[in-house]
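S.K.: Turn this into a model:
(chains A and B)
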Amino acid sequence: EPEVTQTPSHQVTQMGQEVILRCVPISNHLYFYWYRQILGQKVEFLVSFYNNEISEKSEIFDDQFSVERPDGSNFTLKIRSTKLEDSAMYFCASARANTGELFFGEGSRLTVL
Amino acid sequence: SQQGEEDPQALSIQEGENATMNCSYKTSINNLQWYRQNSGRGLVHLILIRSNEREKHSGRLRVTLDTSKKSSSLLITASRAADTASYFCATTNTGNQFYFGTGTSLTVIP
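M.R.: This is a model prediction of the structure:
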């Protein structure tokens, strides 16, 4: 069964460093999303992406964040200069239709020291 | 904000009992979806109910939607220990953003 894959599963970084989280969405999906979940808290929307551009972004998704779909298969989230409060689980999701079922990856746990 | 709120925040039941979780949201929606999350794992889609539907079934799951009250409920019948997880509702209007609730943590005691 097709699935969304995310790498790395866990990354530890120093505050101020750049981090790139990678996602491979399901191949025939057109809509892509990044969410984050701070430990024990709710799932927060970061950004949605369609047709090679951002559809919508939340207040969390400030200038430190960027997304890219560099090669038609990968979908990356970059955090330019990490802060302690960026420590969270980051989930990538994709969907075939824009109001349809979301398929989530297993997440990338980011720890900022 | 369109974000949903689930209640209860935590629910503990015996295996075989039914579990009911509720979700409330704030604005108009295209559909409402329920997801399950095992600890430390990704979210898994359970069921989608459109704004013009009132009830939907899938196996042991029953979802209702009351758009006049902006609320939904998820019923899991004949619960099993393997149903232990967190359950989230998610709403969307345009599909550009799905709003997730705060989740209900369900524990099914064998």
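S.K.: In chain A, which residue sits nearest chain B?
M.R.: In chain A, no residue comes nearer to chain B than residue A:98, which is 3.2 Å away by Cβ to the nearest Cβ. Yep, even glycine has a C-beta here, placed from its N, CA and C like the rest.
S.K.: That residue belongs to a strand, doesn't it?
M.R.: No - secondary structure of residue A:98 (DSSP: H, G, I helix; E, B strand; the rest coil): coil, not part of a strand.
S.K.: Please name the nearest non-neighbouring residue to it.
M.R.: Excluding its sequence neighbours, the residue lying closest to residue A:98 (Cβ to Cβ, 6 or more residues apart in numbering or on different chains) is residue B:95, at 3.2 Å.
S.K.: give me phi/psi at the one you found?
M.R.: phi 90, psi -10 (degrees, to the nearest 10).
S.K.: Next, count neighbours for it.
M.R.: 19 (other Cβ atoms under 10 Å in any protein chain shown).
S.K.: repeat for residue B:22
M.R.: By other Cβ under 10 Å, the residues close to residue B:22 number 17.
S.K.: cool, and residue A:88?
M.R.: Neighbour count for residue A:88, taken as other Cβ under 10 Å: 21.
S.K.: just checking, residue B:86 touches residue B:36?
M.R.: Yes - using Cβ atoms under 8 Å, residue B:86 is in contact with residue B:36, at 7.3 Å.
S.K.: Could you check the pLDDT of the residue of chain A closest to chain B?
M.R.: The per-residue pLDDT reported for residue A:98 equals 80.
S.K.: Now do the strands in chain B.
M.R.: B:5-7, B:10-14, B:19-24, B:31-37, B:43-50, B:55-58, B:61-66, B:71-76, B:85-92, B:99-100, B:104-109 (DSSP state E).
S.K.: Of these, which is nearest residue A:63?
M.R.: Using Cβ to Cβ as the measure, strand B:99-100 is the one of the strands of chain B that comes nearest residue A:63, at 23.4 Å.
S.K.: Can you name the residues in contact with that closest one?
M.R.: For strand B:99-100, contacts defined as Cβ atoms under 8 Å, 6 or more residues apart in numbering or on different chains pick out A:35, A:42-45, B:1-4, B:25, B:35, B:88-92.
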